[in-house]
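Enquirer: sharing a model prediction with you, sequence too.
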Amino acid sequence: MEIAQQEPLETYTSIEDLIDALPENSPRYILLSYPLTTRDGRLSTPYVMLYYLPVTSTQQARMLYAGAVEIIRSKAGVNK
């Protein structure tokens, strides 16, 4: 079992579409970017990392997922 980037990358225009696309038994890290206008009028597109861990995931998948959270967060740059 390994962590791999899903190919092809998907772009969703609604949260409902994203929810429908998530697998029932496999955890996912989701990198979400959305447009935001700051108080001073600048346009920003921050990243938000969502964690998806279905209760039906295997114990092995849960352990792999939990152990990789910090690595994925760092690589994605969501702490900045």
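Expert: Cool, got the structure. Numbering: from 1, shown residues only.
Enquirer: quick check: mean pLDDT of the helix or strand encompassing residue 16?
Expert: According to DSSP states H and E, residue 16 maps onto helix 15-21. The average pLDDT within helix 15-21 is 91.
Enquirer: what lines up beside the very next helix or strand once past it in the sheet?
Expert: Using DSSP H and E, the helix or strand that follows helix 15-21 in sequence is strand 28-33. Take DSSP bridges as the rule and strand 28-33 pairs in its sheet with strand 47-52 (antiparallel).
Enquirer: give the residue farthest from the middle of this protein.
Expert: Residue farthest from the centre of the chain, counting by CA atoms, centre = their mean, is residue 40 at 28.6 Å.
Enquirer: for that one, helix, strand, or coil?
Expert: Three-state assignment for residue 40 (DSSP: H, G, I helix; E, B strand; the rest coil): coil.
Enquirer: how close does it get to residue 20?
Expert: Distance, residue 40 to residue 20, using CB to CB, to the nearest Å: 37 Å. C-betas here are computed from N, CA, C, even on glycine.
Enquirer: please apply the same query to residue 37.
Expert: 29 Å.
Enquirer: circling back: mind listing what's buried in the helix holding residue 16?
Expert: Across helix 15-21, burial judged by 16 or more other CB atoms under 10 Å covers residue 18.
Enquirer: distance between that helix and the chain's centre?
Expert: Distance of helix 15-21 from its chain centroid, counting by CA atoms, centre = their mean, to the nearest Å, is 12 Å.
Enquirer: try stretch 37-45
Expert: 23 Å.
Enquirer: pull it out as CSV, backbone CA atoms only.
Expert: Taking C-alpha atoms only, stretch 37-45 is exported to CSV below (Å, rounded to 0.1, in the frame of the first residue of the first chain):
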residue,chain,number,x,y,z
THR,A,37,-11.1,39.0,-1.5
THR,A,38,-9.1,40.4,1.4
ARG,A,39,-10.3,43.3,3.5
ASP,A,40,-8.0,45.6,1.5
GLY,A,41,-9.5,44.5,-1.8
ARG,A,42,-6.8,42.1,-3.0
LEU,A,43,-7.6,38.8,-4.6
SER,A,44,-6.1,35.8,-2.8
THR,A,45,-6.4,32.0,-3.5
